[in-house]
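Peer 1: let's see this in three dimensions:
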Amino acid sequence: MTHHRHLLSPLDLRGQRLRNRIVFGAHTNNMAENGLPGARTGAYLLERALGGAAMIVAEPMPVHRTAVLTRGNYRHDSDAVIAPFRAITEPVRDAGAVILQQLYHTGAHGDSDLSFAPHWSPSGHASYHDSDGSHRMTEAEIEEIIEGHVRAALRCQQAGFQGVEVWAAYHSLLDQFWTPWSNTRDDRWGGSLENRTRLSRTIIERIRRACGEDFLIGLAVSTSDAQTVTLSVESLLEITALHDASGHVDYITCGHGGYLDFERLMPTFLYGEKLTAPVTEQMKAVVKHAKIISEAHVRTPENAEAVIAAGQADLVSIVRGQIADPHLARKVAEGRAEDVRGCISCNQMCWGRRSRDYWISCLINPSAGREFEWGGDRFTPAEMPQDVLVVGAGPAGLEAARVAAERGHRVEIVEAGSQIGGQFRLAGMQPRRGQILELFDWYERQFTRLGVTLRLNTFLEADEIAAHPAPVVVLATGSLPDPEAGQRWLPAEPELPGLARGNVWSAEEAMRREARLGETVLLYDEGGSWRGVGTAWTLAERGHRVVLATPDPYVGREITRTSADGPARARLAKLGARMIPEHVIAAWHGDGATLRSLLTGAEDRIEASALVMATTNIAFDPCPETLPGKVLHRIGDCATPRQAPFAFHDGRACGRAL
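Peer 2: The predicted structure is shown next:
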């Protein structure tokens, strides 16, 4: 405990005793069913309470019909949510966590496809969520929004929430009123600071009056320097102090980014950690009543302890870190911080699924969102422990071996290479992606703890697998690059035209430095993922001139869902990479390629010393369909080549089923 004594110290907040300084902050998990919280939502939140989080802020509640933003939003202005929420809040409170709900309205940045309502805003400016405009609110409509917040807060209180968090972050409706650029009103709701903050202050004052002195009220704000028109830190501090002076606000949580720089809002590995700590440190200096929460990339217990110990905040909000490991707080409290599975900041299954309007999950913790079915990352002991052989130590094999061992099976995992991780290790070798390598270190520590036998540099032929004494075999042998380098959008050409001329390499060979690439590299990326984009970035940093061609309309299409595609393209551009979208390779010449436009059919030749192909892999399965006397499971890429989340999912599901 001495390593995290500041983080583990309790804190009193308006009569509520927080057992530590770790908050599971508000985020859209998108798990509502027909607008109501159910078993998926309840088990998801309860798992973090059981995992030791001191305070949980549940998914935002739209306060008005114009605030509906996602398919998974809860019903606005409806008492139907009260009973199902009470069934959730009571177990969370019994598990020792304080639970609140965030109240939100996105203002101009709404979603007409889901709300079928106009976007309401201070001054009728354009939306940064879609291509629509917005409606300048009337005095009566402003009053309607105030009352919507109050009614929502009262329902939260009836549902057993111990407080609410009023959302004014990311250039939401309240932030739009605060910001002179988006609030050009000349009435009592615009102009002076007092006028621009009147809406938020009135909402908070009326919630306090309606819900009483024992009810917690938080305020969510954010900081961004990406645009000159957003609030400066100085202005944000002034607004913070003004709200604190009322004595009604119990805490202020500060996030990063917003609708004008969305890629910073859920920062991926492209950004540094502890992003808001410098600002929250300044906030602490201007408030007299409210506690300050630092959020945005407080990824690890070490980050969190450093922020609290340095006096930069009173609490820390760790969201993705507790999605990746719901028992982060408990493990730290037990002196087992090394057992915390660290978030890899990829956004693929949390924000990536939310951005497609699915319920969220996690690449490295596929139990996220399935807690009500899978019981979280906690496992029931096997009725009859068995000897299990896992062949392949990529993501699927690693997770299958770990989960099987957690359940009491005797596990041996063999890997042909000299290190664990499979092809996902290559992703960890791309710029700024070392968190993936940390994950593999975590697996090795878990194998030591669980008694898993790990054998590296061991390739097993089919007859050796058949002769192994373990009755249960899990094949996780992965996939290999397509030796014919075929292109999906040249379906009539099963093989790359000109493949025999040589100097054609896979992305994996390029990452492993096995490829002799020369000065100018043409990389053809058919997946739009980090396999292609990250390899191009790596090669550019190694000093190659990179030309990245893709059949997609833009580079990084698949990582758009993670909000990382724009920053990735910007980094490639700064490194001098040339990007050519909507083209295929009509022919490779050995020293260059003819590219064909998918729009016009026009062809152009570009010179290149080597061609790197990032196309769909093929499964590598060294075994016959069945092995006599063995129960055989095929998981991960050897079953179907896919992205990493599905390999981890296969491994978790397989380990649970053994």
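
Peer 1: quick one, strands of the stretch 101-250 of the chain?
Peer 2: 120-121, 135-136, 163-167, 216-223 (DSSP state E, counting those that start in this stretch).

Peer 1: who are the contact partners of residue 592?
Peer 2: If you count contacts by Cβ atoms under 8 Å, 6 or more residues apart in numbering, residue 592 has them with 522, 605-608. (Each C-beta comes from the backbone N, C-alpha and C, glycine too.)

Peer 1: now do the phi/psi pair for it.
Peer 2: phi 170, psi 180 (degrees, to the nearest 10).

Peer 1: which residues does it bridge with?
Peer 2: residue 607 (DSSP bridges).

Peer 1: sec struct for the residue lying closest to residue 95 once chain neighbours are set aside, please.
Peer 2: Nearest residue to residue 95, sequence neighbours excluded (Cβ to Cβ, 6 or more residues apart in numbering): residue 49, at 3.8 Å. Residue 49 falls in the helix class when you classify it by DSSP: H, G, I helix; E, B strand; the rest coil.

Peer 1: ranges for the strands of the stretch 451-600 of the chain?
Peer 2: Under DSSP E, counting those that start in this stretch, the stretch 451-600 of the chain gives strands at 453-455, 472-475, 479-480, 504-506, 520-525, 545-549, 578-580, 583-588, 592-597.

Peer 1: report all helices and strands that the third one contacts.
Peer 2: In terms of contacts (3 or more Cβ pairs under 8 Å, 6 or more residues apart in numbering; DSSP states H and E), strand 479-480 is packed against strand 618-619.

Peer 1: so after the strand it packs on, what's the next helix or strand?
Peer 2: strand 631-634 (DSSP states H and E).

Peer 1: in that following strand, which residues are buried?
Peer 2: Buried residues in strand 631-634, counted by 16 or more other Cβ atoms under 10 Å: 633-634.

Peer 1: and the contacts of it?
Peer 2: With Cβ under 8 Å, 6+ apart, strand 631-634 has contacts from 400, 471-475, 621, 623, 626, 654, 658.

Peer 1: quick check: mean pLDDT of the helix or strand just after it?
Peer 2: Under the assignment DSSP H and E, the closest C-terminal helix or strand after strand 631-634 is helix 644-657. Across helix 644-657, pLDDT averages out at 98.

Peer 1: could you list every residue that touches residue 127?
Peer 2: 108-110, 119, 133-134.

Peer 1: can you rerun that using 6 Å?
Peer 2: Applying Cβ atoms under 6 Å, 6 or more residues apart in numbering to residue 127 gives the contacts 108-109, 119.

Peer 1: now do it against residue 502, distance only.
Peer 2: 52 Å (Cβ to Cβ, to the nearest Å).

Peer 1: how many neighbouring residues does the residue nearest to residue 95 have?
Peer 2: 23 (other Cβ atoms under 10 Å).

Peer 1: ok, it touching residue 97?
Peer 2: Yes. Between residue 49 and residue 97 there is a contact under Cβ atoms under 6 Å: 3.9 Å.

Peer 1: coming back round to it: could you check how far the residue nearest to residue 95 is from residue 374?
Peer 2: In terms of Cβ to Cβ, residue 49 sits 17 Å off from residue 374.

Peer 1: ditto for residue 486
Peer 2: In this view, residue 486 and residue 374 are 37 Å apart by Cβ to Cβ.

Peer 1: now swap in residue 197 and tell me
Peer 2: 45 Å.

Peer 1: tell me how the protein divides into domains.
Peer 2: 2-374, 387-479+623-657, 499-616 (automatic domain parsing).

Peer 1: output these as CSV; include the columns distance to residue 490.
Peer 2: Listed next are those as CSV, based on distance: least, Cβ to Cβ, whole Å:
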stretch, distance to residue 490
domain 2-374, 28
domain 387-479+623-657, 19
domain 499-616, 5
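
Peer 1: in ChimeraX, select just the buried ones from the contacts of strand 631-634.
Peer 2: Remark: buried members of the contacts of strand 631-634, expressed as a ChimeraX selection using 16+ other Cβ under 10 Å:
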select :400,472,473,474,475,621,623,654,658
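
Peer 1: ok so, going back, out of the domains of the chain, which comes closest to residue 380?
Peer 2: Nearest of the domains of the chain to residue 380, taken as Cβ to Cβ: domain 387-479+623-657 at 6.8 Å.

Peer 1: now do the end-to-end distance for that closest one.
Peer 2: 14 Å (Cα to Cα, to the nearest Å).

Peer 1: quick one: neighbours of residue 123, just the number.
Peer 2: With other Cβ under 10 Å as criterion, residue 123 counts 17.
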